[in-house]
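**Q** after the sequence you'll find the predicted model.
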Amino acid sequence: MLSIPESTIPESTNPESTTSPGICRICSAHCGVLATVTDGRLTKVTGDPDNPMFLGYTCAKGRALPEIHNNPARLLHSQKRQPDGTYAPVESERAMDEIADRLRDLIEQHGPRSVAMYLGTNGLPYPASPLMANAFLRGIESPMFFTANTIDQPGKQIALAAHGHWLGGDINFNEADSWMLVGTNPIVSKAIGIPGQNPAQRIKDAIGRGMKLIVIDPRRSQTAARAAIHIQPRPGEDVPILAAMINLIIRENLCDTEFLEPNVVGFDKLAEAVSAFTPEYVAERADIPAQQLIDAAHLFATYGTRPGMVNCGTGANFAMHGSLLEYLALCLTTICGRWQRAGEPVTRPNTLMPAYTAKAQALAPYEGWGYGEQLRVRGLTDTVSGMPTAALADEILLEGEGQVKALICIGGNPMAAWPDQRKTQRAMETLDLLVTLDTEMSLTSRLADYVIAPMMQMETPAMTQGSELIKYYAAGTGIPAAYAQYAPRLVAPPESSDLVEEWKFFLGLAKRMDLTLFFVNFFGGGGGRYMESPPIVLTMDRNTDLTTEELFAEMCATARIPLDEVSSHPHGKIFDVEAMVEDADADCEARLDIGNDHLLSDLAATLAEDFRSARNNTEFPYRLIPRRHANFMNSSGTGLAKLHRGKPYNPAYMHPDTIAALGLRNGDAVTIASPHDSIPAVLEADDTLRADVIAMHHAFGGLTTEDAEFRSRGSNVGRLVPTDIEYDTITGLPRQGNIPVSVTACGV
Ligand SMILES: Nc1nc2c(c(=O)[nH]1)N[C@H]1C(S)=C(S)[C@@H](COP(=O)(O)OP(=O)(O)OC[C@H]3O[C@@H](n4cnc5c(=O)[nH]c(N)nc54)[C@H](O)[C@@H]3O)O[C@H]1N2
Ligand SMILES: Nc1nc2c(c(=O)[nH]1)N[C@H]1C(S)=C(S)[C@@H](COP(=O)(O)OP(=O)(O)OC[C@H]3O[C@@H](n4cnc5c(=O)[nH]c(N)nc54)[C@H](O)[C@@H]3O)O[C@H]1N2
Ligand code: SF4
Ligand SMILES: [Mo]
């Protein structure tokens, strides 16, 4: 039975203004907010003081939701490219007719593999959208489902597959005495390590309680500024640093042997593999004091009565050895026994996800890569982290059997965010059919045949299930409490608009193509991640007629707390769930593996790297590293004055002494060149950086022909990144960080 009624926009006694609780889903924190609708328009979004999880917290992005909704650049009608290259509105039902026809033709001529899909970050706000998109692709029997995950931190799932999962789950940050963060800045990103629900407050509380934080970052980031130990290394040296810490902890017998003995295999292999990573060797490589490395290892291994975990972020993952890095982070966590144990509370007990019994035991490693669909380039395959997105442009450009001819992009922006922007643009222009689902004429939409205009956040029902489930992708993510919120539609789409909900677009295509779809809850794609409970499968065909609210109710049919119970607490609720980690099964033989041969042989290979001559690269003397912008979610929002505050570009941040040594000045225009390509940029002094490093936000800039507009659009960092020279051989993730670059005045 349906528990959630189809929501109608609230009628208020005061017709002018209504304020209701809602959920911002711009990022995975999913803050509970208060949304004010005045005369049918979203006019104000603020924090919700009555939300027990967020206690009034929001960030600048969430508070800009009215400007995002009412943005004059927002598409109110789907668009179709005309023969002369301009765009004209097309009725959404008609667009579906035409797209279904073209897909049918392409599949008939070239087979189902010719149709690919790419899911970007704006799948997250609409929980049914990625799942229906994936069901559609399976419906046409194409294996070509790609997501932003494989240009993000795919090593997290690879590492979990190689190491196994601890079924007792994560330690609770809010109770821990120490924590280590490697190349992540959760105070800004709300993504990893420090819980994303108001991370600045969480870390303040934690430090007040006595927590000691170790942060490894070439920049004194907002998070590093709060660290007890901030290691500020050369970028790209995180693998040696973690190996050295493991080495020290093993040599000094600081491991949790009681935990290791019954739960873990591979210890001797790990000990052998890290043995060459002495503090002195790594200190020289990473250009850090050896004593600081030793102090950090000691702090992590011995400080406090409830010591914490280690989590890595994008900065560290982009440096080519992401899978190995994430594996070493799990190994370090495991040798110190940093998992929740029998008799302790379950940190992430699930609320809109199914209840389960957490057990103090291992789930054995499983096959993580090298199976399934083979790509036609670089020997890459499908993996537990999904198909390698960095190879999709090649699959579009490479002629022959299996060539991709049609691409559907959902809430993603390849032209802004994929590596090798020039190749990406060639690929987008080569496609027979490019469809984007986007709220504006994004860079990618400007190359599309059809742009489908979707409803936006507050025009659709919302729930926190998606924020909960990210814990299955990685340690240190997800909601650390039995918290959930549901919010109905809060505002009607603008008058005379023609907007579709994305999942209905895919069901609409399927109906026209007479497909029966199997909608699988929880995971839209990407294979064999572990979950305790079986997913829900819904069969959908041309007779299916569901509201989004009904679909949400189906998706939550196995929730620990029923959706109607959750929805009866409009400000969200932390439920009283007594979930404790139970003892291991008596017959459990599964073990975590810290001696994976494949990954440890990669570690041996890093020893052979000639770091001294790489350091003395006079042609490309600096290293370009990534960092997130507090006011934008990747490319989203960069055009909004309220968010860019007069600076619509992404500066090249550089240490003031380095700028001066180059004879340049703050604000100068420069050319940043990598061995692959170059971009223009504007220099900005930033003394939080190492002197040999430049930091830039990604996903800015125009098309490849629009470099002259760099002061109004910014510059595309992905342009500097080749996809096929240096990459993680398992996931295909290219070296998107630690990029060797030169900086020269460009006199604009
Ligand atoms: N060089 C470099 N490259 C990187 C990174 C880096 O740090 N450096 N980071 C990588 C990472 S971690 C990621 S996740 C990827 C991101 O890659 P993508 O997800 O492909 O990029 P986004 O810019 O997040 O794309 C978001 C798109 O969604 C649209 N949008 C906004 N709101 C809505 C909405 O409500 N509905 C719909 N349908 N669309 C909407 C925006 O207009 C935009 O076009 O980039 C990766 N690329
Ligand atoms: N405001 C905001 N929030 C976001 C996003 C956004 O665009 N804006 N994007 C979202 C997305 S898609 C993701 S994936 C997450 C990412 O979340 P995070 O991984 O936390 O990303 P960043 O905030 O860029 O933090 C990366 C840090 O790594 C450091 N770093 C760079 N190179 C290296 C290196 O080689 N080694 C080490 N140790 N550190 C290095 C950088 O200086 C930076 O401080 O954030 C999400 N949240
Ligand atoms: S932290 Fe994320 S979810 Fe919260 S208001 Fe900001 S963008 Fe929205
Ligand atoms: Mo990401």
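**A** Received, thanks. Ligands and ions are numbered 1, 2, ... in the order given.

**Q** residue ranges with poor pLDDT in the stretch 1-150 of the chain?
**A** Applying pLDDT under 70 to the stretch 1-150 of the chain flags the ranges 1-15.

**Q** residue numbers of it in contact with ligand 3?
**A** Within the stretch 1-150 of the chain, the residues that sit near ligand 3 (C-beta under 6 Å from any ligand atom) are 24, 26, 27, 29, 30, 31, 58, 59, 61, 62. From N, CA and C alone the C-beta is placed, and that goes for glycine too.

**Q** can you tell me the SS state at the fourth one?
**A** Yep, that's residue 29 we're talking about. coil (DSSP: H, G, I helix; E, B strand; the rest coil).

**Q** nearest residue to it in space, ignoring adjacent ones along the chain?
**A** Excluding the flanking residues, the one nearest residue 29 by C-beta to C-beta, 6 or more residues apart in numbering is residue 196, at 3.7 Å.

**Q** which helix or strand contains that neighbour?
**A** Under the criterion DSSP states H and E, no helix or strand holds residue 196.

**Q** which ones are touching it?
**A** Counting by C-beta atoms under 8 Å, 6 or more residues apart in numbering, residue 196 touches 27, 28, 29, 186, 190.

**Q** from these, which are also near ligand 2?
**A** Taking C-beta under 6 Å from any ligand atom as the test, ligand 2 is in contact with 27, 186, 190 out of the contacts of residue 196.

**Q** quick one: which of the residues you listed is nearest residue 362?
**A** residue 186 (27.2 Å; C-beta to C-beta).

**Q** and the nearest residue to that closest one once chain neighbours are set aside, what is it in contact with?
**A** Excluding the flanking residues, the one nearest residue 186 by C-beta to C-beta, 6+ apart is residue 194, at 4.2 Å. With contact taken as C-beta under 8 Å, 6+ apart, residue 194 is in contact with 173, 179, 181, 186, 187, 202, 203, 206, 223.

**Q** all helices for the stretch 551-700 of the chain, in order.
**A** 563-567, 597-607, 611-615, 641-644, 656-661 (DSSP state H, counting those that start in this stretch).

**Q** chain center to the first one, what's the gap?
**A** For helix 563-567, the distance from its own C-alpha centre to the chain's C-alpha centre is 28 Å (C-alpha atoms, centre = their mean, to the nearest Å).

**Q** residue 110: which of the contacts of residue 194 is nearest?
**A** residue 186 (44.0 Å).

**Q** list the contacts for the closest one?
**A** Contacts of residue 186 by C-beta under 8 Å, 6+ apart are 192, 193, 194, 196, 199, 223, 313.

**Q** repeat the analysis, applying 6 Å as the threshold.
**A** Taking C-beta atoms under 6 Å, 6 or more residues apart in numbering as the criterion, residue 186 is in contact with 192, 193, 194, 199, 223.

**Q** what is the neighbour count of the residue of the stretch 401-550 of the chain found nearest ligand 2?
**A** Residue nearest to ligand 2 within the stretch 401-550 of the chain: residue 417 (8.8 Å; C-beta to the nearest ligand atom). Neighbourhood size, residue 417 [other C-beta atoms under 10 Å]: 25.

**Q** spell out the secondary structure type for residue 33.
**A** Assigned with three-state DSSP, residue 33 falls in the strand class.

**Q** just checking, it touches residue 48?
**A** Yes. Between residue 33 and residue 48 there is a contact under C-beta atoms under 6 Å: 5.5 Å.

**Q** and the stretch 451-600 of the chain, which of its residues are near ligand 1?
**A** 454, 456.

**Q** list the residues that contact the nearest residue to residue 353 once chain neighbours are set aside.
**A** Spatial nearest neighbour of residue 353, chain neighbours left out: residue 468 (5.1 Å); criterion: C-beta to C-beta, 6+ apart. Taking C-beta under 6 Å, 6+ apart, we find residue 468 in contact with 353, 478, 479.

**Q** the same query, at a cut-off of 10 Å, please.
**A** Counting by C-beta atoms under 10 Å, 6 or more residues apart in numbering, residue 468 touches 28, 30, 348-353, 478-479, 482-484, 522, 559-560.

**Q** of these, which belong to helices?
**A** Among the contacts of residue 468, none falls in helices (DSSP state H).

**Q** quick one: which of the residues you listed is nearest ligand 1?
**A** Ligand 1 lies nearest to residue 28 out of the contacts of residue 468, by C-beta to the nearest ligand atom, at 10.7 Å.

**Q** any idea how far the closest one is from residue 281?
**A** Residue 28 sits at a distance of 37 Å from residue 281 (criterion: C-beta to C-beta, to the nearest Å).

**Q** equivalent analysis for residue 412, please.
**A** 41 Å.

**Q** the contacts of residue 194: which ones sit near ligand 1?
**A** Applying C-beta under 6 Å from any ligand atom to the contacts of residue 194, none is adjacent to ligand 1.

**Q** can I get those in a markdown table including distance to ligand 3, secondary structure and pLDDT?
**A** Below are the contacts of residue 194 laid out as a markdown table (distance: C-beta to the nearest ligand atom, whole Å; DSSP: H, G, I helix; E, B strand; the rest coil; pLDDT from 0 to 100):
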| residue | distance to ligand 3 | secondary structure | pLDDT |
| --- | --- | --- | --- |
| 173 | 16 | helix | 97 |
| 179 | 20 | strand | 98 |
| 181 | 18 | strand | 98 |
| 186 | 11 | helix | 97 |
| 187 | 11 | helix | 97 |
| 202 | 12 | helix | 95 |
| 203 | 14 | helix | 96 |
| 206 | 18 | helix | 97 |
| 223 | 15 | coil | 98 |
